[in-house]
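Asker: predicted model and sequence follow; I will ask about them next.
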Amino acid sequence: MNIDVLLTELTFKSMRSGGPGGQHVNKTESKVEVAFHIENSKALSDAEKERLQLRLGHRISADGELLVQCSDTRSQHRNKKIAIDRLIELLQQHLKVSKPRKKTKPSRSAIERRLKAKKRQTLKKKNRRPPELP
């Protein structure tokens, strides 16, 4: 993934942020939405595009864009920076290839310890029972 090329492919949209905040919220467009079109990107290889389609399919819009919004601060510029950081982190996180899990089995001594502990517990419970009368 080439981050410099990726940054040139982003499209930004600003809108009014919701929630409390008085007059400032009603007249400034501080909320930022960053859109990134995965299929048309030159920053990603074909394998990376495929992996992102699989892993982020639920977050991709019908237009094929990955959208990230931010309305954390009162500043549009800070919200823009936060949204870009979130998008890059999201892409990096989902592009990682996880190592396959190796199957392991417990050692012979661990199996024996477990069985001995079970037998000890069984005897303890058995000795607490009232004796059987003929």
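Answerer: Alright, I've got the coordinates.
Asker: what's in contact with the worst-scoring helix or strand of the chain on mean pLDDT?
Answerer: Sorting the helices and strands of the chain by mean pLDDT, DSSP states H and E puts helix 23-27 at the bottom, at a mean of 75. Applying C-beta atoms under 8 Å, 6 or more residues apart in numbering, the external contacts of helix 23-27 come out as Arg16, Ser17, Gly18, Gly19, Arg74. For glycine as for every other residue, the C-beta is placed from the backbone atoms N, C-alpha and C.
Asker: next one: stretch 121-134
Answerer: By C-beta under 8 Å, 6+ apart, stretch 121-134 touches no other residue.
Asker: so how far does that stretch reach from one end to the other?
Answerer: With C-alpha to C-alpha, to the nearest Å as the measure, stretch 121-134 spans 26 Å from end to end.
Asker: before we move on, what about stretch 20-40?
Answerer: Using C-alpha to C-alpha, the two ends of stretch 20-40 sit 38 Å apart.
Asker: distance from the chain centre to the least confident helix or strand of the chain, please.
Answerer: 33 Å (C-alpha atoms, centre = their mean, to the nearest Å).
Asker: ok so, going back, check pLDDT for the contacts of helix 23-27 and point me to the minimum.
Answerer: Ranked by pLDDT, the contacts of helix 23-27 bottom out at Gly19 (69).
Asker: name the SS class of Val32, please.
Answerer: Assigned state for Val32: strand (three-state reduction, DSSP: H, G, I helix; E, B strand; the rest coil).
Asker: in the sheet, who's paired with it?
Answerer: Ser14, Cys70 (DSSP bridges).
Asker: is it correct that it is in contact with Arg78?
Answerer: No: under the criterion of C-beta atoms under 8 Å, Val32 is not in contact with Arg78, lying 9.1 Å apart.
Asker: more crowded one of these two?
Answerer: Val32 (26 against 14; other C-beta atoms under 10 Å).
Asker: give the contact list for the more buried one.
Answerer: Applying C-beta under 8 Å, 6+ apart, the residues contacting Val32 are Phe12, Lys13, Ser14, Gln69, Cys70, Ser71, Gln76, Asn79, Lys80, Ala83.
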